[in-house]
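S.K.: here's a sequence, model it:
(2 chains)
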Amino acid sequence: MPIQIQSASSMLEVEQDIRSLEAQYKMSSDDFCAHPTVSEVVPEFDAIEWNFLLMQKRAMQEDACSAGNVFQAQSATQISNVDTSSILDKIAA
Amino acid sequence: MISWASYLRNFTERYDAILPDLLKDGALEFNGGPILGPVAHKYPRSAPWRCDWGAMFPDGMYFRVKETFDRVKTPFAGLGMRVHFSFHYGLAHTRLVRGFPEINPRAIPSPPVADLRIDMEVNKAPHIHVHSPEHIWQDSVSGFDIQEADMFSFLEAVRNHRDNRTIPLVDLLGIKVLD
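M.R.: Numbers count the residues shown, from 1 in each chain, chains lettered A, B, ... in the order given. From the prediction side, this is the model:
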């Protein structure tokens, strides 16, 4: 399979992804950052995702501040939620 | 520290080298293959960037490897430093979220535990999990520097373990958990 080079997201998309994680774990990004013990309930993959989004947001803010830029929306990689059985069916076929 | 260009070149070479062996028994990659990418519009060939990649094997086991790199100094330098990673091998839950098996214990009652997961993330010191949710920290591990764990070395161990299941994954990586 090809390596997919993911296109950069817009600030809006990053914010939406952060809000999605906030809803999933019923906590705010501030809670997640400020109280390490809270992260005990966030599995590592999602903790990494969360931290990465915050890192991405910070980088975008830094760039915007340095250039006075307004970021334009770009399409994010769409990942569908399906069941692993469909993958096993494909393997079996 | 590494540049995005060097990271991508190294990743591509090692990915091409290991993929045929890794998927030889018919495994399928999640999301159609590794997702890699720098994320800033203004500096599209520099940190921060991430890698997120996994595959499912016909016996229901899967691996997922993920690592992220943050900016070092100014974006002009173009360099990234690895700040998080998680390398996982184990039984997959049937539910997929964002294209990968669910592991959130708030979403499912008993997510399968990893045979082995090696983690470093900003809120926790480097640690591993071995057939248990329990965190095993570096001071309880010998023979392996968790912080320096290499994604492709982990995947080579997964491949070798799947070739000979009698050899535990931890042994292939030289990990010894101290009592």
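S.K.: what ranges do the strands span in the chain?
M.R.: Reading this off chain A. A:4-5 (DSSP state E).
S.K.: my bad, chain B
M.R.: Under the criterion DSSP E, chain B contains strands at B:2-3, B:28-29, B:35-38, B:49-56, B:61-71, B:79-91, B:96-97, B:100-101, B:114-121, B:124-130, B:136-137, B:141-142, B:176-177.
S.K.: now the helix ranked longest in chain B - C-alpha only, CSV.
M.R.: As assigned by DSSP state H, the longest helix anywhere in chain B is helix B:4-22. Extracted in CSV, the C-alpha atoms of helix B:4-22 (Å, rounded to 0.1, in the frame of the first residue of the first chain):
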residue,chain,number,x,y,z
TRP,B,4,11.3,15.7,7.7
ALA,B,5,13.1,14.9,4.5
SER,B,6,15.5,12.5,6.3
TYR,B,7,12.7,10.9,8.3
LEU,B,8,10.6,10.4,5.2
ARG,B,9,13.5,8.9,3.2
ASN,B,10,14.4,6.6,6.1
PHE,B,11,10.8,5.6,6.7
THR,B,12,10.2,4.8,3.0
GLU,B,13,13.3,2.7,2.7
ARG,B,14,12.6,0.6,5.8
TYR,B,15,8.8,0.4,5.0
ASP,B,16,9.6,-1.0,1.5
ALA,B,17,12.1,-3.4,3.0
ILE,B,18,9.8,-4.9,5.7
LEU,B,19,6.4,-4.7,4.2
PRO,B,20,6.4,-7.9,2.0
ASP,B,21,7.5,-10.0,5.0
LEU,B,22,5.2,-8.3,7.4
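S.K.: is chain A contacted by stretch B:116-123?
M.R.: Yes: judged by C-beta under 8 Å from any C-beta of the partner chain, stretch B:116-123 comes into contact with chain A through B:R117, B:D119, B:E121, B:V122, B:N123. For the C-beta atoms, the positions are set from N, CA and C on the backbone; glycine is no exception.
S.K.: possible to save these as JSON lines with neighbour count, distance to A:A92 and pLDDT?
M.R.: Output for the residues of stretch B:116-123 next to chain A, formatted as JSON lines (neighbours: other C-beta atoms under 10 Å in any protein chain shown; distance: C-beta to C-beta, whole Å; pLDDT from 0 to 100):
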{"residue": "B:R117", "neighbour count": "23", "distance to A:A92": "27", "pLDDT": "95"}
{"residue": "B:D119", "neighbour count": "25", "distance to A:A92": "32", "pLDDT": "93"}
{"residue": "B:E121", "neighbour count": "24", "distance to A:A92": "35", "pLDDT": "82"}
{"residue": "B:V122", "neighbour count": "19", "distance to A:A92": "40", "pLDDT": "76"}
{"residue": "B:N123", "neighbour count": "18", "distance to A:A92": "40", "pLDDT": "75"}
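S.K.: pick out the most distant pair among those.
M.R.: Spatially, the most separated pair among the residues of stretch B:116-123 next to chain A is B:R117 and B:V122, at 16.7 Å (C-beta to C-beta).
S.K.: show me where chain A dips below the pLDDT cut-off.
M.R.: A:1-2, A:7-8, A:34-40, A:65-84, A:86-87, A:93 (pLDDT under 70).
S.K.: biggest helix in it by residues?
M.R.: Under DSSP H, chain A gives helix A:44-67 as its longest helix.
S.K.: tell me how far B:G54 lies from chain A.
M.R.: Separation of B:G54 from chain A (C-beta to the nearest C-beta, to the nearest Å): 10 Å.
S.K.: which residues does that residue bridge with?
M.R.: B:R64 (DSSP bridges).
S.K.: still on that earlier bit, ok, the residues of stretch B:116-123 next to chain A vs B:S86, which is closest?
M.R.: The closest of these to B:S86 turns out to be B:D119 (C-beta to C-beta; 4.8 Å).
S.K.: residues contacting the closest one?
M.R.: A:E44, B:F85, B:S86, B:F87, B:P126, B:H127, B:I128, B:H129 (C-beta atoms under 8 Å, 6 or more residues apart in numbering or on different chains).
S.K.: pull the contacting residues for the fifth one.
M.R.: Meaning B:P126. Contacts of B:P126 by C-beta under 8 Å, 6+ apart are B:I118, B:D119, B:M120, B:W137, B:Q138, B:I146, B:Q147, B:A149.
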